[in-house]
Structures are given as structure tokens and as C-alpha cells.
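**Student:** What follows is a predicted protein model with its sequence.
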Amino acid sequence: MMHILPLDLKQALASNPKTQALWEDITPLARNEWICWVISGKKAETRNIRIQKALSKLKGGMRRPCCWAGCVHR
């Protein structure tokens, strides 16, 4: 199942040209895993933390979420 990019993550990515470019460079499967990781947080606070971590990790060159089992919706 491919997830739709949520508005909050989309805006966060667009706020920095480097993260936006990295997002566009990773595969659709990798993007889907980042989206699933972000939206799987139950609380708004967890989701916001994950968005910030995703931006930081993308800036650092990480192409997929680390230490996560992957999208359970496959």
C-alpha cells in the first residue's frame, strides 16, 4: 500500500530545499517507508518528533528509516 504524503510532512520537507531535493532523489518505496514511519506515531507529539527526526536524518544522507521493521501495510 502506498501512503499519501501528509500535509505536515510535505510542508516540513518543502521548508528546506536540501531536504526536498533528497526526498525527490529517494525511491518511491523509501518515501513510502518514511511516510509510514511518521504517520504510525499515535500522538501528535510523537508525529512531530518523527517529522523533525526524518528531516535531520534525510539531511544526513539516510535514505530509509533506521531500526524500524518497515511499512506494515505491504
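**Tutor:** Right, received. Where do you want to start?
**Student:** what helix or strand does the spatially most central residue of the chain sit in?
**Tutor:** By C-alpha atoms, centre = their mean, the chain has its centre lying nearest to W34, at 3.2 Å. Here W34 sits within helix 28-39, counting by DSSP states H and E.
**Student:** Check which residues of that helix are buried.
**Tutor:** A30, R31, N32, E33, W34, I35, C36, W37, V38, I39 (16 or more other C-beta atoms under 10 Å). (Glycine included, C-beta is placed from N, CA and C.)
**Student:** which one among those gets closest to A21?
**Tutor:** The closest of those to A21 turns out to be R31 (C-beta to C-beta; 13.1 Å).
**Student:** Give me the neighbour count for the closest residue to the closest one other than its chain neighbours.
**Tutor:** Spatial nearest neighbour of R31, excluding adjacent residues (C-beta to C-beta, 6 or more residues apart in numbering): W23 at 6.6 Å. For W23, the count of nearby residues is 21 (other C-beta atoms under 10 Å).
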